[in-house]
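> Curious how this folds, go ahead:
(4 chains)
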Protein chains: 2
Amino acid sequence: MSDLPRISRQFSQRSVMEAIVQGGPISRASISKLTGLSKQTISEIVRGLEQEGWVQETGRTSGHVGRTAVTYELVHDAAYIIAVDLGGTKVRVALTDLACQIFAEAATPTDPRGGQFVIDQIAALAFQAAARERIPRKKIRLAVIGAPGAPDPATGRILLAPNIAGFDAMNVLDAFEKALGVAVMIENDVNLAVLGENWLGQGQGIDNLAYIALGTGVGSGLMLGGHLVRGATHAAGEIGFMPIGADPFAAESLRTGAFERAVATHAITERYRSLTGTQVAVPAIFENAAAGDKGALAVLDETARYLAQGIAAIAAVANPEKVILGGSIGLRPEILSRVKALMPLCFPYPVTVEAGELGARAALIGAAAIGLGQLHNTLFGVDAPDGRISLPTAQAAALKEVVL
Amino acid sequence: MSDLPRISRQFSQRSVMEAIVQGGPISRASISKLTGLSKQTISEIVRGLEQEGWVQETGRTSGHVGRTAVTYELVHDAAYIIAVDLGGTKVRVALTDLACQIFAEAATPTDPRGGQFVIDQIAALAFQAAARERIPRKKIRLAVIGAPGAPDPATGRILLAPNIAGFDAMNVLDAFEKALGVAVMIENDVNLAVLGENWLGQGQGIDNLAYIALGTGVGSGLMLGGHLVRGATHAAGEIGFMPIGADPFAAESLRTGAFERAVATHAITERYRSLTGTQVAVPAIFENAAAGDKGALAVLDETARYLAQGIAAIAAVANPEKVILGGSIGLRPEILSRVKALMPLCFPYPVTVEAGELGARAALIGAAAIGLGQLHNTLFGVDAPDGRISLPTAQAAALKEVVL
DNA sequence: TTAATTCGTTCTGTCACCGAACTTATTGAC
DNA sequence: GTCAATAAGTTCGGTGACAGAACGAATTAA
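Residues are numbered from 1 along each chain as shown, chains lettered A, B, ... in the order given. Sure, this is the predicted structure:
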């Protein structure tokens, strides 16, 4: 396998690879039928891929009439990527192979000192995991970092990142590339969550998808027409500033965002305090509601009412087929059921609202998805601007259970 | 020129065509430098294009050292497209040639009987215009229809189309194709308006753009990452239903839309009536405001206040670089100036808001843009899914003045 | 054993493209 | 005026990515 495989074969190689990735062990004759390319060409391409170490023989067919066929398969460990979900309180790191299987996953509290400390922490976690699984560093090709805020690929900086100290003043991309020694992609964590749910979760096969992460803050990720929407300054989905729920012209709304002030953690505890006079954390409010506390129930009702309006706004602007709720609050069934009931009362067209299937790991899985897509693209595709490699769901499904 | 040119040359031909379209009269040597293809290849491709009638010699260079070069140019009249902007009250029809010049434009009141009558009316207008300019029907390759509502390419129907009688019950696409005898694309008129402003108006070179058409109703068109956003049911941009300005849970808001009830024509006249007790049409209110009528001024202030919130919601969700106002009300400078002043008070990040440059013809020009892009794609490109042909601005600029 | 069937290779051919060498037509310098 | 220098365009040979037909090889059903 060459170290920097510059593969000249153009478009066919890509589809052959896709057939092999999707089709599991597959014979060359079947690839030929699938791709429409001649058997001869397939043999050439597969020979090349085998020489470079990307695919390998795995067996032969048997049972049906005719000659037995040699089947080929991805070499799973030909390359690895690092997927990272970097939150304000917790870092998750995972290693994925080419066949979309997660090998190692680790999660620890984020280093509170921020900045370079966090970056070194992530690098250490990743390399420990690699060492544990005996993965040679050379085979790690790419790292995808999900982080809150609006990463700007041009400058490598992350704008609007409130959660990690020191990140607003440094070139995060460069620092990661130096620490990890591989190419790095940084993407907003909620954007990754949409990708994750689109790949393995609630949004499979849905090209128009919105993900709302509701917790300490609110953010949303949007996938429209199969493309991630990033916006002009990579700030698309900063729905905390939607003029819904609180007076948008209030000074406080310019800082925190009107919608965030209506639905996020602080809004909920504040609402409960003003109703009952007691200051309680969000989980306790949910408990109280379950126990029949009228104040808590009213708080949930009101929060859901604003959330439904926010979803209506997104639906009116972007018309997603499905809206997925995530985040510590968005995942609560008490919220989901209320929002589901309220939606038809404030929006005329049907909008499907569901809770995310991947829970807190949506962003991590999304990072793996985007990284694997990117890797397949750079390794086997030409620069097709639209190039979305469809990753296999079957094998990756294992990932959902293997981990944690 | 073959009647159905199936051009086998793959990707190079496309870039050669693009160089010729963009570069005006251009020599083969220059094309070679521009595209990176060898001189030899360019000569071959250009020879092919010339034989098929798409390009022609136009002259020779002179002045600089070295041999003179033969320059080539598009054959402007090699193909035409029909662009239609079908409104509830007015139909506009235009004919455009391959070089993006509008040849004929006509506008008349929409046939009030709706349905097939409107389709026949449009066909008649188009063919009259073609005959006037001596354009043979064979050279018309495509028609693009802009219409309110959500056209569904799968069924050919237009959903949510309130303005034209009978359109909700028929296969509009089929009917148009039968009447016009060419391939037809139907697109939402506001979506076309974004494309128009993106091509020749306020949004040139801007990949993340929103267009808000404000008049009898409100609608918006969104271009994000260079792609038109259509949404799951082609209802993206139906911002009339954003839960802003009126109570979204009110029964009336489910029918008309809360935001529409806050900013569109009816809201303005109603607001003026409740303030002054007199029922006046919108233009009169603007006149009164200009004359210093306090009630009228208050109405404009309040309307702009809600509009600014709507823009804030779009900006929060989609993060466009620029928001363009259009429609009979959106184009008024009184509205624009107010909105510009209000934006920073209700949204923390800068959003550029401007009035459309193309006025009521934005959708028509957008129809031409999408049609020309599509035509260049089918004629000279392979099925590149992302394929946006960049149309020349210079020549098309003439179009802005020639017409009407 | 034979026929039917499928896999995979070999051989030949085509097409898109490149690069080098060469011809042709200019302008500018002496 | 002649002679570089320069640029445009063609001819020629070559390469790599395919296709298609023919053929050998391996397997099962009859």
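> Count the residues that sit near the residue in the stretch 251-400 of chain A that chain B sits nearest to.
Ranked by CB to the nearest CB, the top residue of the stretch 251-400 of chain A for proximity to chain B is residue A:319, at 2.6 Å. C-beta here means a position set from N, CA and C on the backbone, and glycine is covered the same way. Neighbour count of residue A:319, defined by other CB atoms under 10 Å in any protein chain shown: 24.
> tell me the contacts of it?
A:208, B:230, B:231, B:232, B:233, B:234, B:235, B:236, B:237, B:238 (CB atoms under 8 Å, 6 or more residues apart in numbering or on different chains).
> May I see the buried residues of the longest helix seen in chain A?
What stands out as the longest helix in chain A, according to DSSP state H, is helix A:294-318. Buried residues in helix A:294-318, counted by 16 or more other CB atoms under 10 Å in any protein chain shown: A:295-297, A:299-300, A:302-318.
> which residues sit against stretch A:199-209?
A:194, A:197-198, A:211, A:222-226, A:318-324, A:354-358, A:362, A:365-366, A:369, A:391, A:393, A:396-397, A:399-400, B:231-232.
> Recalculate using a threshold of 7 Å.
Stretch A:199-209 has contacts (CB atoms under 7 Å, 6 or more residues apart in numbering or on different chains) with A:194, A:197-198, A:223-226, A:319-322, A:324, A:354, A:356-358, A:362, A:365, A:369, A:391, A:393, A:396-397, A:400, B:231-232.
> Can you give me the buried ones in it?
For stretch A:199-209, the neighbour count (16+ other CB under 10 Å) marks A:199, A:200, A:201, A:202, A:203, A:206, A:208, A:209 as buried.
> And stretch A:266-275, by the same measure?
For stretch A:266-275, a neighbour-count test (16+ other CB under 10 Å) marks A:267, A:268, A:269, A:271, A:272 as buried.
> care to break chain A down by domain?
As assigned by automatic domain parsing, chain A contains the domains A:11-74, A:78-194+A:361-402, A:204-356.
> Any idea how far the last one is from the middle of the chain?
Spelled out, that is domain A:204-356. For domain A:204-356, the separation from the chain centroid amounts to 19 Å (computed by CA atoms, centre = their mean, to the nearest Å).
> what about the residue of the stretch 251-400 of chain A closest to chain B, distance to residue B:151?
Distance, residue A:319 to residue B:151, by CB to CB, to the nearest Å: 13 Å.
> thought residue A:100 was touching residue A:372?
Yes. Using CB atoms under 7 Å, residue A:100 and residue A:372 qualify as a contacting pair, with a distance of 5.8 Å.
> Need phi/psi at the residue in the stretch 101-250 of chain A that chain B sits nearest to.
Nearest to chain B, among the residues of the stretch 101-250 of chain A, is residue A:231, at 2.6 Å (CB to the nearest CB). Note on residue A:231: backbone dihedrals following degrees, to the nearest 10 are phi 80, psi 180.
> The one 4 residues further on too?
Taking degrees, to the nearest 10, you get phi -110, psi 10 for the backbone angles of residue A:235.
> Look up how far DNA strand C lies from the residue of the stretch 251-400 of chain A closest to chain B.
Separation of residue A:319 from DNA strand C (CB to the nearest atom of the strand, to the nearest Å) stands at 39 Å.
> And that residue, what's its pLDDT?
At residue A:319, the model reports a pLDDT of 95.
> now it, nearest residue through space, not along the chain?
With CB to CB, 6 or more residues apart in numbering or on different chains as the criterion, residue A:319 has its nearest non-adjacent residue at 2.6 Å, and that residue is residue B:231.
> Using TSV, please lay out the domains of chain A together with distance to residue B:339.
Listed next are these as TSV, based on distance: least, CB to CB, whole Å:
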stretch	distance to residue B:339
domain A:11-74	47
domain A:78-194+A:361-402	24
domain A:204-356	13
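> Among the ones you listed, which comes closest to residue B:247?
When the domains of chain A are compared by CB to CB, domain A:204-356 sits nearest residue B:247, at 8.8 Å.
> End to end on that closest one, go ahead and measure it.
The straight-line separation of the ends of domain A:204-356 (CA to CA, to the nearest Å) is 11 Å.
> Verify the assumption that residue A:73 is located in a strand.
Yes. Per DSSP: H, G, I helix; E, B strand; the rest coil, residue A:73 lies within a strand segment.
> backbone phi and psi for the nearest residue in space to residue A:279 that is not next to it in sequence, please?
Excluding its sequence neighbours, the residue lying closest to residue A:279 (CB to CB, 6+ apart) is residue A:273, at 5.1 Å. Per-residue torsions, residue A:273: phi -60, psi -40 (degrees, to the nearest 10).
> Could you tell me how far residue A:308 is located from DNA strand C?
Per CB to the nearest atom of the strand, residue A:308 is found 53 Å from DNA strand C.
> Would you agree that residue is in contact with residue A:341?
No. In this structure residue A:308 lies outside contact range of residue A:341 using CB under 7 Å: 8.7 Å.
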